[in-house]
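1. Could you work out the structure for the sequence below:
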Amino acid sequence: MTRYIRLGYLVPRLVLLVVLFCLLEFGSGWALKRAMIAGGQAAIGARVEVDRADVSVVETRATLTGLRIANPQRPMENLLEAEKIEIDFESDSLLRRKAIADHGSVRGLRFGTPRETSGALNPDDEQASTAPGWLGDAAKQAVDQAAEKWIASLEAKLSGEYDDFESVRLAQDLSKRWPERFAAVAADAKALQAEVELLRDQAKEARANPLRNAEFLAKAPERVAQLRGRLANLHAELASLPTDVAADRRRVDQARLADETRLRERLQIDQLDPQSLTSQLLGERMTGAVRDVVGWVRWTREMVPATKPGRSVTPRDRGVDVHFVGVRQRPDLLIRQLEIAGSARLAGRPVELSGVVTDFTTSPALHGEPMRLTLHTTGGLPLEVRATIDRTGPQPIEELIVDCPTLDLPKTELGNAAKFALTMAPSTSSLSVSIRVEGERLSGDVQLIQDRVALTPTVGPSAGPLVTRLGGAVGERLANIARPATRVTLSGTLNDPHMALWSTLGPAVAESLETAAVTLARDEAERQLASTKQKVAGELASLERKLDEAMTKLTAQVDAPRLEIERLASGWIGEQLGRGTFSFEQLGKRLPTAESLFK
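-> Have a look, this model is predicted:
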């Protein structure tokens with residue numbers, strides 16, 4: 001039996017197969033490109049651009065060239081871009097309408113590159129999300145007010161001049177009261193002298209005409225006794241002056257000691273809250289970095305939402321899908337291993353990065369394995385990143401671990417540059433990050449340990465004289481701080497995160513500031529006490545001069561009528577009274593000299 005090749009039947013079908021092959025070979029790339037752009041923009045909320053997409057049906061390979069994904073938060077910047085992405089799919093999976101690959105690679109991956117055109121979609125299509133602030137306005141204001149309150153209290157204590165010193169008031173009071181007392185004694189001495197002169201004149205008249213002055217002679221004994229009493233009182237007053245002056249001096253000394261104690265109590269430095277100082281110095285810097293990290297976690301949660309496993313339904317008009325026991329369902333898209341290579345800038349330093357993403361799938365519940373990322377960098381900032389994105393359980397879980405054994409920190413300014421800030425010299429540190437998000441619950445910490453830190457105080461243009469003095473006093477104490485550690489503890493939820501900032505840098509700076517403030521307070525107390533002592537000494541010296549002058553005049557005023565009284569008492573009046581002579585010599589000798597009253 002002869003068989004003939006029916007070319008009329010075979011050729012059209014071969015041509016049809018060739019056409020179908022060409023359509024699949026060349027049209028699949030176009031379809032993949034359109035699907036990548038549409039699906040990516042819908043998921044990310046920003047422009048996704050692909051220069052070229054090639055699909056090889058024979059080699060079961062898909063290649064994307066020039067992938068650029070815009071940042072939805074910063075439209076003039078790319079979230080990431082890749083020069084080339086290659087994925088080798090299993091041939092049998094394509095027959096089942098599945099895209100399963102054992103291996104893939106991403107080359108030329110870069111982050112944060114600038115764009116020439118805006119990557120924002122139409123306003124109706126944008127899906128931008130904003131992260132809440134870490135330090136709320138009220139908390140930040142409270143922290144700033146605590147530091148400002150401490151500095152304001154310090155300025156009020158050290159900048160004021162106290163004028164309520166009891167020793168100064170007492171010395172000024174003595175400087176006024178003692179001249180008044182001596183003026184009264186001088187007035188008594190003058191009155192005594194006037195009485196003596198009157199007695200002398202009347203004695204002359206009585207001696208000339210005794211009969212007419214009988215009344216004078218009758219009262220003479222009483223008047224002489226009064227003169228004697230007044231002279232004795234004057235002597236007692238003068239004799240008490242040294243004792244009274246010494247007592248007043250002791251009162252001034254006691255008041256000066258009390259003033260010193262009260263002044264030192266006033267200049268007691270309030271304790272500076274180390275936690276508030278830590279938040280003021282490191283809050284913005286540390287929370288900014290942590291906010292960026294949690295922002296990536298939030299973005300990952302949005303890009304890889306939780307999915308529940310569903311039954312795979314074959315799109316056909318009739319028939320039933322039968323799932324045999326023990327046969328595991330497979331996801332529509334699965335890349336078991338995806339190699340990554342590229343570059344980035346971390347902490348301002350260029351680095352080369354390489355890593356592996358495993359178990360990347362759109363149906364993690366069906367696959368049963370979480371997606372993991374391992375990333376290493378080389379160059380200016382060596383670090384290791386391990387991330388896990390788990391959507392296999394009832395709650396989504398993200399874990400992020402970053403280990404950077406050597407992190408060179410640049411020169412940094414901490415605090416308020418307009419008033420008082422601390423400039424941190426370049427230093428070497430180690431960084432570790434551990435963050436876990438389970439459901440909505442956020443936990444983890446960020447630790448930074450520096451080898452050695454040198455801080456230099458910087459006084460801004462709006463700082464007062466006291467802050468300037470404080471900066472100069474604290475400079476040496478902050479020149480060498482050994483191994484300060486900083487930790488940020490995370491809690492709360494992903495949409496309402498909370499942060500607790502702890503650092504040994506805050507207590508070290510607080511101790512240095514308090515020590516410097518105590519030194520300034522001690523110096524200020526010594527200055528004001530020296531000024532007070534000088535004022536008191538000046539008042540007492542002025543009082544001494546006034547008293548010396550008053551004693552000299554008073555002694556002369558007391559001695560002036562003494563000879564006249566002695567002459568009258570020892571002369572005719574004494575004879576008339578029958579009392580012999582009345583000598584005041586011993587009484588005059590008993591009077592203290594002016595020089596001995598205030599020694």
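
2. Please count neighbours and contacts with C-alpha atoms only from this point.
-> Fine.

3. Output the contacting helices and strands for the lengthiest helix in the chain.
-> In the chain, with assignment by DSSP state H, the single longest helix is helix 505-559. Contacts defined by 3 or more Cα pairs under 8 Å, 6 or more residues apart in numbering; DSSP states H and E place helix 505-559 against helix 137-159, helix 166-208, helix 214-266, helix 274-303, helix 465-474.

4. Return the member of those having the minimum mean pLDDT.
-> Among the helices and strands packed on helix 505-559, helix 137-159 carries the lowest mean pLDDT, a mean of 56.

5. do you know how far the residue nearest to Ala550 when sequence neighbours are not counted is from Leu227?
-> Computed as Cα to Cα, 6 or more residues apart in numbering, the closest residue to Ala550 that is not its neighbour in sequence is Phe182, at 6.5 Å. Plainly put, Phe182 is 20 Å away from Leu227 if you go by Cα to Cα, to the nearest Å.

6. just Val518 next, same as before
-> Val518 is 65 Å from Leu227, by Cα to Cα.

7. Residue ranges in the stretch 351-500 of the chain under the pLDDT threshold?
-> Where the stretch 351-500 of the chain drops to pLDDT under 70, the residues are 414-420, 459-468, 471-473, 475-476.

8. Which of the helices or strands spans Pro72?
-> Using DSSP states H and E, Pro72 maps to neither a helix nor a strand.

9. Tally up the residues packed near it, please.
-> Pro72 is flanked by 23 other residues according to other Cα atoms under 10 Å.

10. OK, contacts around the closest residue in space to it that isn't next to it in sequence?
-> Residue nearest to Pro72 in three dimensions, not counting chain neighbours: Ala46, with 5.1 Å by Cα to Cα, 6+ apart. When contacts are counted by Cα atoms under 8 Å, 6 or more residues apart in numbering, Ala46 touches Ile69, Ala70, Asn71, Pro72, Pro75, Gly119, Ala120, Leu121, Glu126.

11. Drop anything exposed from these.
-> Applying 16 or more other Cα atoms under 10 Å to these, the neighbour count classes Ile69, Ala70, Asn71, Pro72, Pro75, Gly119, Ala120, Leu121, Glu126 as buried.

12. Return the member of these nearest to Val106.
-> Relative to Val106, the closest of the buried ones among the contacts of Ala46 is Ile69; by Cα to Cα it sits at 14.2 Å.

13. contacting residues around the closest one?
-> Listed by Cα under 8 Å, 6+ apart, the contact partners of Ile69 are Ala46, Arg47, Val48, Glu49, Asn78, Leu79, Leu80, Glu81.

14. Remind me what the helix or strand containing Ile389 packs against, helices and strands.
-> For Ile389, the element it lies in under DSSP H and E is strand 384-390. If contacts are counted by 3+ Cα pairs under 8 Å, 6+ apart, strand 384-390 sits against strand 371-379, strand 397-409.

15. What is the first one packed up against?
-> Meaning strand 371-379. Applying 3+ Cα pairs under 8 Å, 6+ apart, one finds that strand 371-379 contacts strand 349-361, strand 384-390.

16. ok and the longest one relative to strand 397-409, angle-wise?
-> What it means is strand 349-361. Here the directions of strand 349-361 and strand 397-409 differ by 170 degrees (axes from the mean of the first three to the mean of the last three Cα atoms, to 10 degrees).

17. so who does Thr456 touch?
-> Contact analysis of Thr456 by Cα under 8 Å, 6+ apart lists Leu422, Thr423, Met424, Ala425, Gly475, Leu478, Ala479.

18. neighbours around the closest residue to it other than its chain neighbours, how many?
-> In space, and not counting its chain neighbours, Thr456 is closest to Thr423: 5.0 Å by Cα to Cα, 6+ apart. Using other Cα under 10 Å, Thr423 has 16 neighbouring residues.

19. was I right about Thr423 contacting Leu478?
-> No: using Cα atoms under 8 Å, Thr423 is not in contact with Leu478; the gap is 10.3 Å.

20. what would the contacts of Ile69 look like in CSV with pLDDT and distance to Leu494?
-> Below are the contacts of Ile69 laid out as CSV (pLDDT from 0 to 100; distance: Cα to Cα, whole Å):
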residue, pLDDT, distance to Leu494
Ala46, 83, 22
Arg47, 86, 26
Val48, 86, 27
Glu49, 87, 30
Asn78, 85, 24
Leu79, 83, 21
Leu80, 84, 23
Glu81, 89, 27
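
21. Just the buried subset of the residues you listed, please.
-> Buried residues within the contacts of Ile69, counting neighbours by 16+ other Cα under 10 Å: Ala46, Arg47, Val48, Glu49, Asn78, Leu79, Leu80, Glu81.

22. picking that back up, sort out which one of the buried ones among the contacts of Ala46 lies nearest Glu369 for me.
-> Among the buried ones among the contacts of Ala46, Ile69 lies closest to Glu369 (Cα to Cα), at 26.8 Å.

23. Bridged to that closest one, which residues?
-> With DSSP bridges as the criterion, Ile69 is bridged to Val48, Leu80.

24. likewise Ile481?
-> Assessed by DSSP bridges, Ile481 has beta-bridge partners Val453.

25. dump the residue contacts of it.
-> When contacts are counted by Cα under 8 Å, 6+ apart, Ile481 touches Arg452, Val453, Ala454, Ala508.

26. same question, Leu373
-> Neighbours of Leu373 in contact, by Cα under 8 Å, 6+ apart: Gly355, Val356, Val357, Thr358, Val385, Arg386, Ala387, Thr388.

27. nearest spatial neighbour of the fourth one, skipping sequence neighbours?
-> Across the structure, with Cα to Cα, 6+ apart as the measure, the residue nearest Thr358 apart from its sequence neighbours is Gln337 (4.5 Å).

28. Correct me if wrong: Ala425 contacts Arg452.
-> No: assessed by Cα under 8 Å, Ala425 is found out of contact with Arg452, at 9.6 Å.

29. Same question for the helix or strand Thr486 falls within: list its buried residues.
-> Remark: Thr486 resides in strand 485-492, with elements defined by DSSP H and E. Buried residues in strand 485-492, counted by 16+ other Cα under 10 Å: Ala485, Thr486, Arg487, Val488, Thr489, Leu490, Ser491.

30. what element comes up after that strand heading to the C-terminus?
-> Strand 485-492 is succeeded, C-terminally, by strand 497-503 (DSSP H and E).

31. Buried ones in that next one, by neighbour count?
-> Buried residues in strand 497-503, defined by neighbour count with 16+ other Cα under 10 Å: Pro497, His498, Met499, Leu501, Trp502, Ser503.

32. Just checking: what are the partner strands of that strand?
-> Counting by DSSP bridges, strand 497-503 is paired with strand 485-492 (antiparallel).

33. How about residues contacting the partner strand?
-> Strand 485-492 is contacted from outside by 286, 435, 441-450, 497-505, using Cα under 8 Å, 6+ apart.

34. again with stretch 333-348
-> Residues contacting stretch 333-348 (Cα under 8 Å, 6+ apart): 98-112, 350-363, 381.

35. Buried subset of the residues you listed, written for PyMOL?
-> Applying 16+ other Cα under 10 Å to the contacts of stretch 333-348 leaves a buried subset, and the PyMOL line that selects it is:
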select buried, resi 98+99+100+101+103+104+105+106+107+109+110+111+112+351+352+353+354+355+356+357+358+359+360+361+362+363+381
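
36. where along the stretch 1-150 of the chain do the helices fall?
-> In the stretch 1-150 of the chain, the helices defined using DSSP state H, counting those that start in this stretch lie at 7-44, 91-95, 137-159.

37. Quickly note the distance from Glu222 to Gly229.
-> According to Cα to Cα, Glu222 and Gly229 sit 10 Å apart.
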